[in-house]
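In: What follows is a predicted structure for the sequence shown.
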Amino acid sequence: MLILGARGHAIELLQVLESLAVKKLCFFDNVNNDAPTHLYGKYPVLHSASEAIAQLHQDVRVVIGIGGGYLRERLARQAMDWGGVLHTVVAATAQVGRHEVVLEPGLNVMDGALISNEVIVGEGSLVNARAALHHNVVVGRYCEISPGAQLLGHVRVGDFAQVGAGAIILPRVTIGVGAVVGAGAVVTRHVGPYEIVVGIPARAIRKQAADS
């Protein structure tokens, strides 16, 4: 299995994968010049496209091990062009409903996360530790739901949106495409595309450019 990234979120993901007893892991980092050849002296770190392609000839599974929706998508597309297949990782301690739950490829569902019944999570999204997606929530593609965030019933989150740590999104609120909800915010009404909102109750402070 090839994990895209070798720092930050990737090392948290390693903890999840080790707890799932996944074997033959290797990492990919072609950005950091000082990246080690092995992580923790055990797991190979590949540094070139040719090495990654050779690895994917042995095992097509690819796990996205970085944060940030736009970057996650770019790296996922690159890996799929090399022949990789996006793989979803669900931590053993995550709770996932048994009824009408759709988890698309390339997800990271981290320790202690809750995904209730009738929830959809789009391709490549990250549901971080202890985040909760309550009934009938829909999360778009390549979103990031940070640790401890709470999305209450019928919330909709657009593609590439980010919900900060500990934020609470009240029922039936829509978070627009590419929007950012600040850490600890309480969102009581809809957030427009690419808006950044913070505070209690959350207020828009500015818009960001698409693909930023």
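Out: Good, I have the coordinates. Numbers count the residues shown, from 1 in each chain.
In: show me what contacts residue 79?
Out: By CB atoms under 8 Å, 6 or more residues apart in numbering, the contact set of residue 79 is 2, 4, 52, 56, 62, 86. C-beta: built from backbone N, CA, C; applies to glycine.
In: out of these, who's nearest residue 192?
Out: Nearest to residue 192 among these, counting by CB to CB, is residue 86 at 29.3 Å.
In: Just give me the neighbour total for the closest residue to that closest one other than its chain neighbours.
Out: Spatial nearest neighbour of residue 86, chain neighbours left out: residue 106 (3.5 Å); criterion: CB to CB, 6 or more residues apart in numbering. By the criterion of other CB atoms under 10 Å, residue 106 has 26 neighbours.
In: hang on, the earlier thing: out of the contacts of residue 79, flag the one nearest to residue 171.
Out: Nearest to residue 171 among the contacts of residue 79: residue 86, at 30.6 Å, using CB to CB.
In: Count the neighbours of that closest one for me.
Out: 19.
In: Repeat that for the one 4 residues further on.
Out: When neighbours are counted by other CB under 10 Å, residue 90 registers 18.
In: go on, residue 149?
Out: A count of nearby residues for residue 149, using other CB under 10 Å, gives 26.
In: follow-up on the earlier one: which one of the contacts of residue 79 sits closest to residue 40?
Out: Out of those, the member with the shortest distance to residue 40 (by CB to CB) is residue 2, at 16.9 Å.
In: quick one, what contacts that closest one?
Out: Counted by CB under 8 Å, 6+ apart, residue 2 has contacts 26-28, 46, 52, 55-56, 59, 61-63, 79, 84.
In: Can you flag which of the residues you listed belong to strands?
Out: 26, 27, 28, 46, 61, 62, 63 (DSSP state E).
In: Is it possible to get TSV of these that adds pLDDT and distance to residue 162?
Out: Converted to TSV, the ones in strands among the contacts of residue 2 look like this (pLDDT from 0 to 100; distance: CB to CB, whole Å):
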residue	pLDDT	distance to residue 162
26	95	28
27	96	24
28	95	23
46	95	28
61	96	26
62	97	22
63	97	20
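In: who wins for most neighbours among those residues?
Out: residue 28 leads those on contacts (other CB under 10 Å) with 29 neighbours.
In: Hmm, residue 5 and that residue touching each other?
Out: Yes. With contact defined as CB atoms under 8 Å, residue 28 counts as touching residue 5 (7.2 Å).
In: Beta-bridge partners for the most centrally placed residue in the chain, please?
Out: Nearest residue to the geometric centre of the chain (CA atoms, centre = their mean): residue 126, 1.6 Å. Residue 126 forms beta bridges with residue 108, residue 144, as assigned by DSSP bridges.
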